[in-house]
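[1] take this sequence and fold it.
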Amino acid sequence: MKTLGLPIALAALMLSTSAFAAPALPALKKQAVAGVQARAKLAQQMNDKIFSFGELAFQEVETSKYITDVLEKNGFTVTRGVAGLPTGWVATWTNKTGGPTIAMGSDIDGIPKASQTPGIPWRKPMVEGAPGHGEGHNSGNAVNVVAALAVKEIMEKEGIAGTLMLWPGVAEELVAGKAFMVRAGVFKGVDAVLFTHVGDNLAVTWGKPSGTGSVSVEYTFHGAAAHAAGKPWMGRSALDAVSLMNIGWEFRREHIRPEQRSHYVITDGGDQPNVVPQIAKVWYYFREQDFKRISDLYAMGNKVADGAAMMTDTTVERRVLGTAAPRHFNKPIAEAAYANIQAVGLPKWTADEQAFAKAVQKEVKADKQDGLAVELKKLEPPVEKPESGGSDDIGDISWTVPTITVNYPSNIPGLAGHSWMNAISMATPIAHDGVVAGAKVIAMTTLDLLTRPELRTAAKDYFTKVQNKDEHYVPMISEKDQPAVEINADVMAKFRPAMRAQYYDETKYPTYLDQLGVKWPTLEK
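    As a prediction, this is how the structure comes out:
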């Protein structure tokens, strides 16, 4: 692993913190950077190991066991199965008494059918049809664990009081974990949350970003079975109800704001053609940009479902599978993080890394084929009218405690997202260097929050007086809603044996590419 330099002089960093921090803080941050760099090998091993697991939402068994084992070996106390999530956990370590609690989180689940051999710039599944990390969720906990261990060492050495808390984003791809953690009180008493997510630059934002909140709901229609050719008039087709709901929703779209996003898949269409389907299921995501509009869109979907049931003389029941609140990130913490981003800077990409990134961009026909980012994104005010787009259940936490998301550059610009192509870089030197850069920023920002009470006060003031001035958190799961932990169990049971044969063995191979026999960099077939 190559050393990542600090392109901005330490003096500049001192100016950015001197109004708030003790004089020792710049020196502590220098120690944190060194502590992360000293753990670059651990970061690479964790990144590659979790990549090799490739587990889907709610089935992140190997991933959670591995991360918590690492944390326990390093002195953290782990509580497992939190909030009704079998793969959920909270790991804490406390030094002295009376200090703040800083939580670090990142997602752990993969994407269906995204299995991809890393370091190969074309489609090459490791296991045909299997899931994989086509969103890069294998990397975030490597960022957080390495940052936490570097900060823990400093806290012990310098006698800094506080608690470090790590937790996983379970089933984020189904927006189905964090709202349950919020409901269970996991973040009570937490002063700030630093969330990490893979990106193609080193960046942070504040305020409302582009995107949406969402409700994920499954509609189950119940009809009556009958011989589809002999006595179809005695049947009541649940599949007809599903079809009519989908048709009704397609016509309804014309009269909904263009900012909405909604989509569905039929998860159960019946058993066989000659039997009138007595049960059929359809799974919808309803996305909008504020709490009221999300609720209104969901209610509209319920009306269409009820209408479809009436038309087919069937009945319908619905089950909320997950929710995501619109995100809102904390300005003072983001500003502190951005000062640290400027101090760390982007990795100094090698010629091989740039050549590989351009080869991937060329293969997938990306709009731009200029390789990895070489200039930092600026920290800018949120746009007046955020664009619509995807959802992330970090939004629920952001309305519970002051929160930011730090993106780190382990992926390649211009790719499709949620795709095998986004897995290509995620166990290569590009990912390893991006993880180390992100960990340095998280470690430095954690020290800011631990040692600068005025920053914590400013963050709380923004949270209460700005963020919550005109809008407040509206939980979209009820007390009776429970995590749908059975989802993806059958898929993982099917593919896990073949995937297990390719788990990364860090005791035998320096990197996962070495284990797979992939030459770095591979540029052509």
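[2] for the stretch 201-350 of the chain, what spans make up the helices?
    Taking DSSP state H, counting those that start in this stretch to define them, one finds helices in the stretch 201-350 of the chain at 238-252, 291-312, 331-344.
[3] point out the most buried one among the ones you listed.
    Sort the helices of the stretch 201-350 of the chain by mean neighbour count, taking mean count of other C-beta atoms under 10 Å, and helix 331-344 sits at the top with a mean of 24. All C-beta spots, glycine's among them, are computed from the backbone N, C-alpha and C.
[4] mind giving me the packing neighbours of it?
    Identification of packing neighbours for helix 331-344 by 3 or more C-beta pairs under 8 Å, 6 or more residues apart in numbering; DSSP states H and E yields helix 10-17, helix 25-38, strand 192-199, strand 203-204, strand 403-409, helix 429-451, helix 453-461.
[5] the last one versus helix 429-451: what angle between them?
    This means helix 453-461. 100 degrees (axes from the mean of the first three to the mean of the last three C-alpha atoms, to 10 degrees).
[6] quick one: W167 and L194, what's the gap?
    11 Å (C-beta to C-beta, to the nearest Å).
[7] over to K231?
    When K231 is compared with L194 (using C-beta to C-beta), they lie 63 Å apart.
[8] now swap in K208 and tell me
    Distance from K208 to L194, by C-beta to C-beta: 19 Å.
[9] pick out whichever of these two has more residues nearby.
    Counted by other C-beta atoms under 10 Å, K208 and L194 do not tie: L194 has more neighbours, with 27 against 20.
[10] just grab the bridge partners of that one for me.
    Legend: beta-bridge partners of L194 under DSSP bridges are M104, I404.
[11] that older thread, columns mean pLDDT on top of the helices and strands packed on helix 331-344, output as a markdown table?
    Output for those, formatted as a markdown table (pLDDT from 0 to 100):
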| stretch | mean pLDDT |
| --- | --- |
| helix 10-17 | 41 |
| helix 25-38 | 97 |
| strand 192-199 | 98 |
| strand 203-204 | 98 |
| strand 403-409 | 98 |
| helix 429-451 | 98 |
| helix 453-461 | 98 |
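[12] make CSV out of those and add distance to G270.
    Output for the helices and strands packed on helix 331-344, formatted as CSV (distance: least, C-beta to C-beta, whole Å):
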stretch, distance to G270
helix 10-17, 62
helix 25-38, 54
strand 192-199, 39
strand 203-204, 47
strand 403-409, 42
helix 429-451, 43
helix 453-461, 53
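[13] E250: which of the ones you listed is closest?
    E250 sits nearest to strand 192-199 of all those, at 32.4 Å, using C-beta to C-beta.
[14] which residues does W122 contact?
    E363, K525 (C-beta atoms under 8 Å, 6 or more residues apart in numbering).
[15] hang on, it in a strand?
    No: counting by DSSP: H, G, I helix; E, B strand; the rest coil, W122 falls outside a strand, being coil.
[16] would you mind measuring from the closest residue to I487 other than its chain neighbours to K385?
    In this structure, I487 finds its nearest non-sequential neighbour in F58, 5.3 Å apart by C-beta to C-beta, 6 or more residues apart in numbering. Distance from F58 to K385, counting by C-beta to C-beta: 35 Å.
[17] looking at the two, which is more packed in?
    Applying other C-beta under 10 Å to F58 and K385 shows that F58 carries more neighbours, namely 25 against 9.
[18] helix/strand/coil for that one?
    Per three-state DSSP, F58 ends up coil.
[19] how near is it to L321?
    When F58 is compared with L321 (using C-beta to C-beta), they lie 10 Å apart.
[20] could you tell me which residues touch both of these two?
    L174, A176, A484, I487.
[21] so what's the residue nearest to A57 when sequence neighbours are not counted up against?
    Spatial nearest neighbour of A57, chain neighbours left out: A171 (3.6 Å); criterion: C-beta to C-beta, 6+ apart. Taking C-beta under 8 Å, 6+ apart, we find A171 in contact with A57, F58, E60, L85, D109, G177, G322, P483, I487.
[22] dump the residue contacts of the residue most central in space within the chain.
    Per C-alpha atoms, centre = their mean, the C-alpha nearest to the average position across the chain is that of D107, at 4.0 Å. Applying C-beta under 8 Å, 6+ apart to D107 gives the contacts E135, H137, G140, P168, G169, E172, E173, H197.
[23] same check, this time on A359
    For A359, the contact set (C-beta under 8 Å, 6+ apart) comprises P121, P521, L523, E524.
[24] N274 touches H227, doesn't it?
    Yes: N274 is within contact range of H227, at 6.8 Å (criterion: C-beta atoms under 8 Å).
[25] against which helices or strands is the strand or helix carrying D514 packed?
    D514 is located in helix 512-516, with elements delineated by DSSP states H and E. On a contact count with 3+ C-beta pairs under 8 Å, 6+ apart, helix 512-516 meets helix 40-53.
[26] quick one, the helix it packs on and helix 429-451 angle?
    Going by the same axes, to 10 degrees, helix 40-53 makes 120 degrees with helix 429-451.
[27] what's the very next helix or strand once past helix 40-53 in contact with?
    Sequence order places helix 61-73 as the next helix or strand after helix 40-53, per DSSP H and E. With C-beta under 8 Å, 6+ apart as the test, helix 61-73 has contacts from 42, 46, 49-50, 53, 55, 78, 80, 86-89, 91, 108, 141, 145, 166, 168, 503.
[28] make a PyMOL selection of whichever of those residues turn out to be buried.
    The PyMOL command for the buried members of the contacts of helix 61-73 (criterion: 16 or more other C-beta atoms under 10 Å) is given here:
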select buried, resi 42+46+49+50+53+55+78+86+87+88+89+91+108+141+145+166+168+503
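[29] spatially, which residue comes closest to A325, not counting chain neighbours?
    G395 (3.7 Å).
[30] of all the helices of the stretch 201-350 of the chain, which one is nearest M155?
    Per C-beta to C-beta, nearest to M155 of these: helix 331-344, 17.4 Å.
[31] ok now the closest one, how far from the chain's centre?
    Distance, stretch centre to chain centre, for helix 331-344: 21 Å (C-alpha atoms, centre = their mean, to the nearest Å).
[32] returning to that earlier point: of the shared contacts of F58 and L321, which is the most crowded?
    Neighbour max across the shared contacts of F58 and L321 (other C-beta under 10 Å) = A176, 26 neighbours.
[33] could you check how far the residue lying farthest from the centre of the chain is from P273?
    Going by C-alpha atoms, centre = their mean, the residue of the chain most distant from its centre is G230, 50.8 Å out. Distance, G230 to P273, using C-beta to C-beta: 13 Å.
[34] quick one, strands of the stretch 51-200 of the chain?
    Assigned by DSSP state E, counting those that start in this stretch, the stretch 51-200 of the chain shows strands spanning 77-80, 89-95, 101-107, 162-169, 192-199.
[35] the fourth one to helix 61-73, inter-axis angle?
    In this structure, strand 162-169 runs at an angle of 170 degrees to helix 61-73, with the same axes, to 10 degrees as the basis.
[36] what's the answer for the third one, then?
    Interaxial angle, strand 101-107 versus helix 61-73 (the same axes, to 10 degrees): 150 degrees.
[37] hey, C-alpha coordinates of strand 101-107 in CSV?
    Extracted in CSV, the C-alpha atoms of strand 101-107 (Å, rounded to 0.1, in the frame of the first residue of the first chain):
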residue,chain,number,x,y,z
THR,A,101,-20.7,9.2,22.0
ILE,A,102,-19.7,9.3,18.4
ALA,A,103,-21.3,6.6,16.2
MET,A,104,-19.8,5.3,12.9
GLY,A,105,-22.0,3.4,10.5
SER,A,106,-21.9,1.9,7.0
ASP,A,107,-23.9,-0.6,4.9
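[38] tell me the mean pLDDT for it?
    Mean pLDDT, strand 101-107: 98.
[39] okay, angle between that strand and strand 89-95 too, please.
    Going by the same axes, to 10 degrees, strand 101-107 makes 150 degrees with strand 89-95.
[40] for strand 101-107, the distance to its chain's centre please.
    The mean C-alpha position of strand 101-107 is separated from the chain mean by 12 Å, C-alpha atoms, centre = their mean.
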